[in-house]
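J.: Model the following, please.
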Amino acid sequence: MAMVSRSYSNLLELASGGGGGEPLPSLGRRRVPRVVTAPGIVPGLDASDDDDDAASAASDHSSHAPRERVIIVANQLPVRAALRPGAGAGGGAGWDFEWDEDSLLLQVRDSLRAHHGRGDVDFIYVGGLRDDVPPADHDHVAHLLLEGFRCVPTFLPADLRSRFYHGFCKQQLWPLFHYMLPLSPELGGRFDRLLWQAYVSVNKIFADKILEVISPDEDFVWVHDYHLMVLPTFLRKRFNRVKLGFFLHSPFPSSEIYKTLPVREELLRSLLNADLIGFHTFDYARHFLSCCSRMLGLKYESQRGYIALEYYGRTVTIKILPVGVHLEQLQSVLNLPETGVKVAELLKQFNHRSRLLLLGVDDMDIFKGISLKLLAFEQLLMQHPEWRGRVVLVQIANPARGKGKDVKEVQEESDAMVKRINDAFGQPDYQPVILIDKPLRFYERMAYYVVAECCLVTAVRDGMNLIPYEYIIARQGNEMIDRILGLGPSSRKKSMLVVSEFIGCSPSLSGAIRVNPWNIDSVADAMDSALEMPEGEKVLRHEKHHRYVSTHDVGYWANSFLQDLERTCLDHNRRRCWGIGFGLKFRVVALDPNFKKLAVEHLVSAYRRTTKRIILLDYDGTLMPQTSFGKSPTSRTIDMLNSLCRDKNNMVFLVSTKSRTTLSEWFSPCENLGLAAEHGYFLR
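T.: Okay, here's the model as predicted:
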């Protein structure tokens, strides 16, 4: 199948039918098979088929309409793999697989199928596995995953995966996107060209895997997060009309931070090869648009309520919507008997002594602000002695996703601070801070949510953070939880949140107490306010939050994104597309079907046929090259304008950004020339 992805230097020649004399292939005249096993070679697809064949194909398409299909691409597949004990490499028979219920990608599928009218959508996942699979097992494992889980694995060599994930992603992109500049080797990794090459190579491997399963005229491709930011370029280069969305789950930094990245333009141009780019908050989207404006000279505009960029004739739409939680999963965990047992155990541990529980749940990394939270709690106990012996901070520290010296330092600092606080304020039967740094089962975490009086999320920078949403759902509870808590059927639920203003979920939680996590006194005061707040106020804030969280779940988020992607891609097939540029500077130029080159012979013919003519001329870049050092018009330009103006049938106007004084001085010899200075503000 010959797809148009060549680079052309003369776009106007191509638009007029040039470019080697080859006609533009006709795409989509016969339905592409659902699985393309040899990318670029589709037997039976011939642009020269006659009309009868085309009609037959159209009839077949209508009578056997394919299911809508979405290819979801992410760094990791939503499955867990395990090698059975004693099983050796070879043949793949020793591997077991199961769905990863905590994966956002799986929650997207389940929620969409259950509640958003997409029960017939076929979801295919492309991504990597957490475990190393020996090369001898690749074929069998790939077959098992595709047949049993609709997953296409990307097998990466261990060294390449380490340089890609722990190298470029975690040492360079992740710190920079969280506002950490590599001012020294200890503060984020300095840019390493070899790590960047590994990042690009892995993105290319992902693209090759997508090409094995994609039907480009029908499928939608949804790429997730910063691990795969150059993937859109590889897909757009192969299929100019691919229907492609990208969602960034991390923050996008301000232009002052982002522009320090040596490959800043490559990443921006790659993202712009998507049709729809999604962000959790308006701030993240605003920063991205500012980078496009300052570094690429692109301007955005609002089109019927949507923010859009025009990029070489293509419309790239910006989507702003925070992700939600999977309600069904949270409610099913709350219904588990072991959840109730754990809740009763925690009530016995804390409530029978009339102690209030403050809860923090964070990954053990430098951006989650665990040490700042501990400092604020220490300040609370120092400034408010009445809370000593009555308030306990339980800090659940999940294992860090990355590794390195900074993670070890955070762990050591947290341990030292917990010991200091407990030594200073502890009593024989009272431990002010309980640090849980071992992995907890999800039902155990939900039980802590249920009994916590207030949840503290004080990250110094985080893309979204769904901990507050999970806490709200847990505090809403169910009949079993209410019985354990001793609540009646008419009891109104309550909850309190203290959240950092630097996390993505903060704008959606208007009832939370927002804090600057760097201001220790402010966070301590917020903890005190949360504990002292009247019960009625806690109820009202909880009900407001619960209404939002329960209606804006992960299915709502995913369905809204896919609807916008479908809308954005509606005009794909009616536009004429050409690929230009090399490497990561590749982009697609999209033109209206009626676009034609302005041929000189047609222009001369029209000029001679008419008796009244209006001629509007631009100056910079038209009459005078943009790169010219001397901006004043040449004598040849003056003679040409005078020649046009002497014809009484012509009305000639020159439009420029120059001041009226400058234009009047330059074009004083052209008495009959109309001038529009300063973008048309002054006319002569």
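
J.: Poorly predicted segments of the stretch 51-200 of the chain, please.
T.: When the per-residue scores of the stretch 51-200 of the chain are filtered using pLDDT under 70, the ranges that remain are 51-66, 86-93, 186-189.

J.: residue ranges for the strands of it, please.
T.: Secondary structure of the stretch 51-200 of the chain (DSSP state E, counting those that start in this stretch): strands located at 69-76, 79-83, 95-99, 122-128, 151-153.

J.: Listing partners with orientation, what would you give for the shortest one?
T.: Translated: strand 151-153. When pairs are called by DSSP bridges, strand 151-153 turns out to pair with strand 122-128 (parallel).

J.: what's in contact with the strand it pairs with?
T.: Residues from elsewhere that reach strand 122-128 (C-beta atoms under 8 Å, 6 or more residues apart in numbering): 67-78, 105, 108-109, 149-156, 161, 206, 209-210, 213. For the C-beta atoms, the positions are set from N, CA and C on the backbone; glycine is no exception.

J.: What separation is there between the residue lying closest to residue 79 once chain neighbours are set aside and residue 441?
T.: With C-beta to C-beta, 6 or more residues apart in numbering as the measure, residue 97 is the residue that lies nearest to residue 79, at 5.2 Å, once sequence neighbours are left out. Residue 97 sits 21 Å away from residue 441, going by C-beta to C-beta, to the nearest Å.

J.: higher neighbour count, these two?
T.: Neighbour tally, residue 97 and residue 441, criterion other C-beta atoms under 10 Å: the higher count belongs to residue 97, 17 against 13.

J.: can you list contacts of the helix or strand hosting residue 211?
T.: In this structure, residue 211 sits in helix 193-213 according to DSSP states H and E. Contacts of helix 193-213 with the rest of the structure, by C-beta under 8 Å, 6+ apart, involve 35-37, 39-40, 71, 73, 124, 126-127, 152-154, 156, 160-161, 163-164, 167-169, 171-172, 189, 221, 228-231, 234-235, 238, 263, 584.

J.: Stretch 672-684 too?
T.: If you take C-beta under 8 Å, 6+ apart as the criterion, stretch 672-684 is touched by 641-642, 645-646, 651-660, 662-664, 667.

J.: Looking at it now, give me its mean pLDDT.
T.: pLDDT averaged over stretch 672-684 equals 81, rounded to a whole number.

J.: How far away from the center of its chain is it?
T.: If you compare the mean C-alpha spot of stretch 672-684 with that of the full chain, they lie 45 Å apart, counting by C-alpha atoms, centre = their mean, to the nearest Å.

J.: first vs last residue of that stretch, how far apart are they?
T.: Stretch 672-684 has its terminal residues 10 Å apart, counting by C-alpha to C-alpha, to the nearest Å.

J.: Assign the closest residue to residue 252 other than its chain neighbours to helix, strand or coil.
T.: Beyond its immediate neighbours in the sequence, the residue positioned closest to residue 252 (C-beta to C-beta, 6+ apart) is residue 284, lying 4.3 Å away. State at residue 284, reduced to three classes by DSSP: H, G, I helix; E, B strand; the rest coil: helix.

J.: quick one: pLDDT of residue 284?
T.: 97.

J.: In contact with the residue most central in space within the chain, which residues?
T.: For the chain, residue 248 is the residue whose C-alpha lies nearest the centre (C-alpha atoms, centre = their mean; 1.6 Å). Residue 248 is in contact with 225-226, 277-280, 284, 463, counting by C-beta under 8 Å, 6+ apart.

J.: With residue 320 as the reference, measure out to it.
T.: Noted for residue 248: a distance of 11 Å to residue 320, by C-beta to C-beta.

J.: Quickly list the domain ranges of the protein.
T.: The record's domain split for the chain, according to automatic domain parsing, is 327-550, 600-683.

J.: Just the endpoints, please. Distance across the longest one?
T.: Across its full length, domain 327-550 reaches 7 Å between end residues, using C-alpha to C-alpha.

J.: For stretch 299-313, buried residues please.
T.: Within stretch 299-313, the residues that count as buried by 16 or more other C-beta atoms under 10 Å are 300, 306-309, 311-313.

J.: From the residues you listed, which one has the minimum pLDDT?
T.: When these are compared on pLDDT, residue 306 comes out least confident, at 86.

J.: can you give me the helices in the stretch 1-150 of the chain?
T.: Across the stretch 1-150 of the chain, reading from the start of the chain, the helices by DSSP state H, counting those that start in this stretch fall at 11-15, 51-63, 104-115, 138-149.
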